[in-house]
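Chemist: all I have is the shape, not the residue letters:
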């Protein structure tokens, strides 16, 4: 396309918003659009090929989370996964109308919660401190007998602060309440293990991990009978809609995700937000000229010296 950004010359430090689509993902999507157009529910060769691609992708995503493949539900992205988790939890327990969350969640959740408040749902918003950190002790104080769900992000897309999800999950589980975590910003940068962090629901989005937009995942713990957002027999009745073989690209980008790293630039609390996010394609030749800019904050010397191996 003639109006495509000049990626060879552009210094791109906005991986938290969206990562470039990996060449492996492009190839995988093209292959399955070219020959994997069958309906995964069909009992013929083209359908079986598409079904096999989705099964392989499901296994790969499950391995990223230390989950079982049957616990993986493919969605159209993070927003759908977040909405399915929240609305499903409320529908599963109609006698409960309380949600606990934080003030710094992604807009796809905060705007949903604001809407639900107009429908009679009570929402408790936990505050964070000046460094963006959450005190887990607030959770137990906020939970009550009407609480249907606690929903907290794993890592913040603006500040990079990581919430203590494993500890929070254990506290919430001890109170017998469902726990959802939006892990869109954490996947590929932090180790996500649903065995050690016993969340019930977890959201992922492909375009943060070298896949195209429109591909996402909702992890749903085994045994959880969450009413679907969209009805249909697909995804074991948990998400209706003709199966899409594009999740095959999860296979490709997970090899990239395994290489992604998060570096702690400074242990001191942030005094301002500068949304610089990078991955291995952000090579030293890009970092040096970017750090030379006077508008880059004082963390720039530390960023400049990050190991790029």
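Modeler: Yep, it's here. Here the structure is a predicted model, which is why all the values come from computation and not from measurement.

Chemist: wait, residue 136 touches residue 166, no?
Modeler: No. Under the contact definition of CB atoms under 8 Å, residue 136 does not touch residue 166, with a separation of 10.0 Å. For glycine as for every other residue, the C-beta is placed from the backbone atoms N, C-alpha and C.

Chemist: hang on, residue 83 packs against residue 113?
Modeler: No. Residue 83 sits out of contact with residue 113 when judged by CB under 8 Å, with a separation of 10.9 Å.

Chemist: max-length helix in the protein?
Modeler: Longest among the helix segments of the chain by residue count, using DSSP state H, is helix 45-65.

Chemist: that helix: how far from the chain's middle?
Modeler: Offset of helix 45-65 from its chain centre (CA atoms, centre = their mean, to the nearest Å): 19 Å.

Chemist: swap in stretch 91-98?
Modeler: For stretch 91-98 - counting by CA atoms, centre = their mean - the centre lies 25 Å from the chain centre.

Chemist: in it, what counts as buried?
Modeler: Buried residues in stretch 91-98, defined by neighbour count with 16 or more other CB atoms under 10 Å: 96, 97, 98.

Chemist: list the contacts of the last one.
Modeler: Contact partners of residue 98, counting by CB atoms under 8 Å, 6 or more residues apart in numbering, are 121, 122, 123, 124, 144, 146, 147, 148.

Chemist: quick check, residue 80 in contact with residue 229.
Modeler: Yes. The pair residue 80 and residue 229 qualifies as a contact (CB under 8 Å) at a distance of 6.9 Å.

Chemist: count of residues packed around the closest residue to residue 102 other than its chain neighbours?
Modeler: Counting by CB to CB, 6 or more residues apart in numbering, residue 102 lies nearest to residue 126, which is 4.6 Å off, once chain neighbours are set aside. Here the neighbour count serves as a burial measure; for residue 126 (other CB atoms under 10 Å) it reads 19.

Chemist: ditto for the one 10 residues further on
Modeler: Using other CB under 10 Å, residue 136 has 18 other residues around it.

Chemist: and for the one 5 residues further on?
Modeler: Residue neighbour count, defined by other CB under 10 Å, stands at 11 for residue 141.

Chemist: check which helix or strand it maps to.
Modeler: Secondary-structure assignment from DSSP states H and E places residue 141 in helix 137-142.

Chemist: before we move on, back to that, return the subset of the buried residues of stretch 91-98 lying in helices.
Modeler: For the buried residues of stretch 91-98, not one is inside helices, with DSSP H as the criterion.

Chemist: low-confidence stretches in the stretch 151-300 of the chain?
Modeler: Judged by pLDDT under 70, the stretch 151-300 of the chain has its weakly predicted residues at 233, 236-237, 240-300.

Chemist: break down it into its strands, ranges please.
Modeler: Remark: strands assigned in the stretch 151-300 of the chain by DSSP state E, counting those that start in this stretch are 178-182, 201-205, 216-220.

Chemist: and the residue nearest the centre of the chain, backbone torsions?
Modeler: Most central residue of the chain, judged by C-alpha distance to the mean C-alpha position with CA atoms, centre = their mean, is residue 184 at 1.8 Å. Dihedral angles phi and psi of residue 184 (degrees, to the nearest 10) take the values phi -60, psi -40.

Chemist: okay, it and residue 162: tell me how far apart.
Modeler: Residue 184 sits at a distance of 13 Å from residue 162 (criterion: CB to CB, to the nearest Å).

Chemist: do residue 189 as well
Modeler: For residue 189, the distance to residue 162 equals 9 Å [CB to CB].

Chemist: touching, the residue nearest to the centre of the chain and residue 207? I think so.
Modeler: No. Residue 184 sits out of contact with residue 207 when judged by CB under 8 Å, with a separation of 9.3 Å.
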